[in-house]
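Novice: 3D, please:
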Amino acid sequence: MKIGSYQLKNRILLAPMAGITDQPFRKLCAKYGASLTFSEMMSTNPRVWHTEKSKLRLAHHQEAGINAVQIAGSDPQEMAQAAKINVEYGADIIDINMGCPAKKINRKMAGSALLQYPDLVKQILEAVVNAVSVPVTLKIRTGWDKEHRNCVEIAQIAEQAGIQALTIHGRTRSCMFDGEAEYESIKAVKQQVSIPVIANGDITSAHKAQQVLDYTNADAVMIGRGALGQPWLFQVIDGVVENSSIILEPSISEKCEVVLQHIQELHQFYGEEKGYRIARKHVSWYLQGIQPDSVFKQAFNAITDAKAQLIALEEFFNFILMDRQKNVRTTT
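Specialist: Numbering: from 1, shown residues only. A predicted model of the protein is given here:
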């Protein structure tokens, strides 16, 4: 699959997620096979471009691969200016957010709220595409609500405006993240446009990824919440989707090493004072797949020191590994 002049190594992408797809997480997902990783959403408000938060969101590392930056806003000229600034800062691809369902974003007539106004969508897309020389992509939902699914119309507007690839989350804005994603609308869009279409929503396994690709005929899948606590999912999906082979998840020992390294990178990236707070949610997600333990999770969340976090994690993982080795010897 290609986006503009960029040839992707596979058809499995990491979704942009606010508060999650920072540089350390993008690097990790790319290591495990995500062919394209998107930054957290950047505001088009110029007053926040030079804040510490924005600088961290813009931080990119070559190990994360192609530098794809997502922007959100509702004013065509502000969006165009934000796109130009981000390209000057090193963005290889600009992604436009018209899929975020959050109220604080929608109140500003940004994100999925824009799907109610196709004329404004057209103005924004044309302004951004004309403002930069890099590929511009778009992420949407199927519509504002179930009575107004207009993703086919929006997709056709996007193609005419010069958008290079379109991601569709299989829910309306009113669905938020409730219920199950539906892929019929994605299939319908794929039949109506020639630009690459990327399917998103509830893809949490290799089997589901293959099912969605087969049903929708989409060009790629985008993984969002499914990657939380299991960045190695990209590697597993790649094996099935691209090579028709079964790739096992990493061993428990490797998973523990990955967690420790990720948390250490969060401490370094954000600084220890902020890093230990951000580490908490990632550890919670990791534990769900490694060993759910509410007692340890509660104790871990009470830790207010970065070094103490790493010590606690290492001790907990050593206990898990020793316990499993003991069980193996007992059963054999």
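Novice: in the protein, which spans are helices?
Specialist: Along the chain, the stretches classed as helices by DSSP state H are 23-31, 52-58, 76-88, 103-106, 118-131, 151-161, 184-192, 206-216, 233-243, 252-270, 272-290, 294-301, 306-331.
Novice: pLDDT of the longest one, averaged?
Specialist: Right, helix 306-331. For helix 306-331, the mean per-residue pLDDT is 85.
Novice: please parse this protein into its domains.
Specialist: Following the TED database, one gets these domains for the chain: 2-243, 252-330.
Novice: in TSV: those, plus mean neighbour count.
Specialist: No exception for glycine: its C-beta is placed from N, CA and C like everyone else's. Converted to TSV, these look like this (neighbours: other Cβ atoms under 10 Å):
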stretch	mean neighbour count
domain 2-243	20
domain 252-330	15
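Novice: for residue 234, see how far away residue 240 is.
Specialist: 11 Å (Cβ to Cβ, to the nearest Å).
Novice: cool, residue 144 as well?
Specialist: Separation of residue 144 from residue 234 (Cβ to Cβ) stands at 31 Å.
Novice: likewise for residue 87?
Specialist: For residue 87, the distance to residue 234 - Cβ to Cβ - is 27 Å.
Novice: what does stretch 141-160 contact?
Specialist: Applying Cβ atoms under 8 Å, 6 or more residues apart in numbering, the contact partners of stretch 141-160 are 98-99, 101, 112-113, 115-116, 118, 121-122, 125, 138, 140, 166, 168-175, 182, 185-186, 188-189, 192-195, 197.
Novice: which of those fall within strands?
Specialist: 98, 138, 140, 166, 168-169, 197 (DSSP state E).
Novice: make a markdown table out of those and add pLDDT and distance to residue 258.
Specialist: Putting the ones in strands among the contacts of stretch 141-160 into a markdown table (pLDDT from 0 to 100; distance: Cβ to Cβ, whole Å) gives the following:
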| residue | pLDDT | distance to residue 258 |
| --- | --- | --- |
| 98 | 95 | 33 |
| 138 | 98 | 32 |
| 140 | 97 | 33 |
| 166 | 98 | 32 |
| 168 | 98 | 31 |
| 169 | 96 | 27 |
| 197 | 98 | 32 |
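Novice: for residue 19, what are its contacts?
Specialist: Residues counted as contacts of residue 19 (Cβ under 8 Å, 6+ apart) are 40, 281.
Novice: now it. Its backbone dihedrals?
Specialist: Per-residue torsions, residue 19: phi 80, psi 10 (degrees, to the nearest 10).
Novice: from residue 277, how far off is it?
Specialist: Distance from residue 19 to residue 277, by Cβ to Cβ: 11 Å.
Novice: now residue 233
Specialist: Distance from residue 233 to residue 277, by Cβ to Cβ: 25 Å.
Novice: can you check residue 106 too?
Specialist: Distance of residue 106 to residue 277, computed by Cβ to Cβ: 27 Å.
Novice: pretty sure residue 100 sits against residue 43.
Specialist: No - Residue 100 lies out of contact with residue 43 (Cβ atoms under 8 Å); the separation is 11.6 Å.
Novice: overlap in contacts, the two.
Specialist: With contacts defined as Cβ under 8 Å, 6+ apart, the residues shared by residue 100 and residue 43 are residue 72.
Novice: where are the low-confidence patches of the stretch 51-200 of the chain?
Specialist: 51-58 (pLDDT under 70).
Novice: go on, the stretch 201-332 of the chain?
Specialist: Applying pLDDT under 70 to the stretch 201-332 of the chain flags the ranges 327-332.
Novice: next one: residue 192 from residue 76, what distance?
Specialist: Per Cβ to Cβ, residue 192 is found 24 Å from residue 76.
Novice: list the contacts for residue 286?
Specialist: 229-230, 255, 259.
Novice: do you know how far it is from residue 6?
Specialist: 31 Å.
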